[in-house]
Structure formats: structure tokens, C-alpha cells
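**Q** After the sequence you'll find the predicted model.
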Amino acid sequence: MRIVAIFAATAVVALIGTSAMAQTTPSTTTTTPMATTKTPTTAAKPKMATTAQTDISKACSAQADAKGLHGKERSKFRAQCKKSGGKM
């Protein structure tokens with residue numbers, strides 16, 4: 001008898017909980033688009049075109065592969081290579 005009462009109470013709570021969730025209304029808040037602001041650019045370091053950066057990175061990776069570098073040594077080599085524009 002006790003198990004039946006617990007089961008019945010659990011079923012009632014589950015039904016009430018699901019019906020309560022089904023009856024909630026979606027929020028009606030409206031969002032406004034964010035104002036676009038221009039951030040000041042620094043002229044200290046001009047940016048290269050993305051394709052040029054990609055070409056330099058690929059060249060440095062190919063050089064690291066040719067030297068058989070892995071791990072930290074490869075990372076250090078590639079960083080220096082990129083700084084020099086892919087010419088090492």
C-alpha cells in the first residue's frame with residue numbers, strides 16, 4: 001500500500017510539473033540592434049593581406065617539415081620565420 005501511495009504521489013507531481021511548464025508563455029522582451037562603433041586603429045603595425053599571411057605561414061610550416069622539427073622547437077622556428085616574412 002505504501003509503494004502505491006508513493007507511486008501515485010510521484011505521478012501527480014510529474015503531471016503537474018509538465019503541465020505547468022507547458023503553460024508558460026514566451027518572454028515578450030524586444031531587443032534593439034547594437035549600435036556599431038568604430039574602434040580606433042593603431043598605425044604602429046600595418047596588417048598584411050590574409051592571403052599573404054597564409055602563404056608565409058605555409059612556407060614556414062614547409063621549412064619546419066623539411067628540417068624535421070616537432071613540438072616546442074617547431075613552434076619557436078615558425079614564430080621566428082613568420083616574423084622574418086617566411087625567409088629563413
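**A** Received, thanks. Residues are numbered from 1 along each chain as shown.
**Q** Secondary structure element holding Leu69?
**A** According to DSSP states H and E, Leu69 maps onto no helix or strand at all.
**Q** and the residue nearest to it when sequence neighbours are not counted, what does it touch?
**A** Nearest residue to Leu69, sequence neighbours excluded (Cβ to Cβ, 6 or more residues apart in numbering): Phe77, at 5.4 Å. For the C-beta atoms, the positions are set from N, CA and C on the backbone; glycine is no exception. Taking Cβ atoms under 8 Å, 6 or more residues apart in numbering, we find Phe77 in contact with 60, 63-64, 67, 69, 88.
**Q** Any of these buried? List them.
**A** 60, 63-64, 69 (16 or more other Cβ atoms under 10 Å).
**Q** Helices of the protein, start to end?
**A** With DSSP state H as the criterion, the chain has helices at 2-22, 50-67, 71-83.
**Q** Dump those to a markdown table, plus mean pLDDT.
**A** Formatted as a markdown table, these follow (pLDDT from 0 to 100):
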| stretch | mean pLDDT |
| --- | --- |
| helix 2-22 | 74 |
| helix 50-67 | 91 |
| helix 71-83 | 94 |
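**Q** any idea how far Glu73 lies from Lys83?
**A** For Glu73, the distance to Lys83 equals 16 Å [Cβ to Cβ, to the nearest Å].
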